[in-house]
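Participant: The sequence isn't on hand, but the structure is:
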């Protein structure tokens with residue numbers, strides 16, 4: 001496994017979770033990292049993206065103001081802090097990496113992790 005996402009779980013609406021994305025096989029600081037999610041019966045969608053230096057971040061409209069992406073290149077880890085969770089955030093969350101000074105593209109990432117389940121109860 002080249003990327004490993006962790007930190008998912010079951011939480012009540014309004015609660016928080018922090019997802020982590022790590023790799024034991026390559027150095028994430030050379031990669032743009034994105035978080036994506038896929039709910040049952042829906043297409044995979046981009047949630048957030050962070051540049052290799054962490055200088056630039058982006059979010060899909062539905063999570064703006066609630067989710068925060070960050071990275072600690074010294075720990076070779078990228079995080080997604082998810083606050084004020086809603087039932088509609090329920091999905092499998094994936095992290096993915098794309099090499100270089102670029103940006104996240106749902107169907108254009110180089111490496112994908114296996115995903116972690118996030119379930120938000122109402």
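Facilitator: Okay, I see it. Nothing here was measured: the structure is a model prediction, and the numbers come from that model.

Participant: Dead centre of the protein: give me the residue that sits there.
Facilitator: Nearest residue to the geometric centre of the chain (Cα atoms, centre = their mean): residue 35, 2.5 Å.

Participant: State the pLDDT value of the closest residue to residue 6 other than its chain neighbours.
Facilitator: Spatial nearest neighbour of residue 6, chain neighbours left out: residue 20 (5.2 Å); criterion: Cβ to Cβ, 6 or more residues apart in numbering. Where C-beta positions appear, they are placed from N, C-alpha and C, glycine not excepted. Residue 20 carries a pLDDT score of 98 in this model.

Participant: Which strands border the host helix or strand of residue 20, and is each parallel or antiparallel?
Facilitator: Per DSSP states H and E: residue 20 is located in strand 17-22. The strands that strand 17-22 pairs with in its sheet are strand 4-6 (antiparallel), strand 77-82 (antiparallel) (by DSSP bridges).

Participant: Identify all contacting residues around the first one.
Facilitator: The list of residues contacting strand 4-6 from outside it, by Cβ atoms under 8 Å, 6 or more residues apart in numbering, reads 19-24, 93-95, 113-116.

Participant: try the last one
Facilitator: Contact with strand 77-82 is made by 16-22, 28, 33, 35, 47-48, 50, 63, 66-72, 89, 93, 95, 118, as judged by Cβ under 8 Å, 6+ apart.

Participant: Give me the buried subset of the residues you listed.
Facilitator: Buried members of the contacts of strand 77-82, counted by 16 or more other Cβ atoms under 10 Å: 17, 19-22, 28, 33, 35, 47-48, 50, 63, 67-69, 71, 89, 93, 95, 118.

Participant: So which of those sit within strands?
Facilitator: Within these, residues falling in strands by DSSP state E are 17, 19-22, 33, 35, 47-48, 50, 67-69, 71, 93, 95, 118.

Participant: Partner strands of the lowest-mean-pLDDT helix or strand in the chain and their direction?
Facilitator: Within the chain, no helix or strand scores below strand 111-112, which has a mean of 93 by mean pLDDT, DSSP states H and E. With DSSP bridges as the test, strand 111-112 is paired with strand 91-99 (antiparallel).

Participant: and the partner strand with strand 67-72, angle?
Facilitator: If you take axes from the mean of the first three to the mean of the last three Cα atoms, to 10 degrees, strand 91-99 sits at 40 degrees to strand 67-72.
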